[in-house]
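>>> build the 3D model from these lines:
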Amino acid sequence: MTKPTININIEDISSGSKIPLLNVDGQQNLSEGVFDTASESYETLQFDRSKLNISTYSFSGIKIVIFEGRIYQEVKIPIQDNSEYLSLAFVKSGTITTKSKRCSFEHIAKARTANLCCHCHFEGTASFSPTEHLQIVSICFPKGYLSEFDTLITQCNSYKAYGYMHIPMVNNLPMQECVDMLLNPPITDNVKQVFLKGKAYELISLSIQSM
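Purely as a prediction, here's the structure:
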């Protein structure tokens, strides 16, 4: 394959003449907002002595949600999903139980477990068991974002329960290391957002390989 050659005269540069774009530059059709920074939001839920911190990082196409806190007694939070989406849920420490209000479905996620979850207008509760240090990382994205996950969801209807479905994943060491990095990023400021987004994509890739 013949590579194109661009000849540039030094005199043209000094005189301000228009220089042709490199092919790689000319082919870029990026929107103006493609390099915008992510949006961040933080929420703290206080239940007597228990405290639950929720950090959300929203990027184009994906959202990272991190749950951390100290739970002295069981804490129940209502779930009301008004749309359809998928999530990868990684529990580093603690236990969370998801129950449906419409049927007897119950799913318990313990420490070091990971699941691919499908949410579709689900109504229920999330119960956090007592623990000194709760740590959960969830990566959310719309259905259709990756065909590999959609294929798995359509083939595993046995776990479906009125708008919620989960598929267990093998939570291997590389995945756990990514989760650790998302919980404790080694950098701050604006670079932190780039780092978190990159680690989220890496975790998504590792999850596909795991499944």
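
>>> longest strand of the protein?
Longest strand of the chain, by residue count under DSSP state E: strand 131-142.

>>> distance between whatever helix or strand comes next after it and the chain's centre?
Of the helices and strands lying after strand 131-142 in sequence (DSSP states H and E), the nearest is helix 147-155. What separates the centre of helix 147-155 from the centre of its chain is 17 Å, taken as CA atoms, centre = their mean, to the nearest Å.

>>> next: stretch 116-130.
With CA atoms, centre = their mean, you get 16 Å for stretch 116-130.

>>> repeat for stretch 112-127
Counting by CA atoms, centre = their mean, stretch 112-127 is centred 14 Å from the centre of its parent chain.

>>> quick one: end-to-end distance for it.
Chord length of stretch 112-127, first to last residue, is 17 Å (CA to CA, to the nearest Å).

>>> just checking: what are the partner strands of the longest strand of the chain?
strand 63-71 (antiparallel), strand 84-93 (antiparallel) (DSSP bridges).

>>> show me the contact partners of the first one.
This points to strand 63-71. Residues from elsewhere that reach strand 63-71 (CB atoms under 8 Å, 6 or more residues apart in numbering): 45, 49-57, 94, 128-141, 182-183, 196, 200. Heads up, the C-betas are built off the backbone N, CA and C, glycines and all.

>>> contact partners of the longest helix along the chain?
Ranked by residue count, the top helix of the chain under DSSP state H comes out as helix 189-210. By CB under 8 Å, 6+ apart, the residues outside helix 189-210 that reach it are 37-38, 40, 57, 59, 62, 64, 88, 90, 114, 116, 139, 141, 146, 148-149, 169-172, 174-175, 178-179, 181-182, 185-187.

>>> my guess is Gln176 meets Thr113, correct?
No - contact status for Gln176 versus Thr113: not in contact, 10.9 Å apart, counting by CB atoms under 8 Å.
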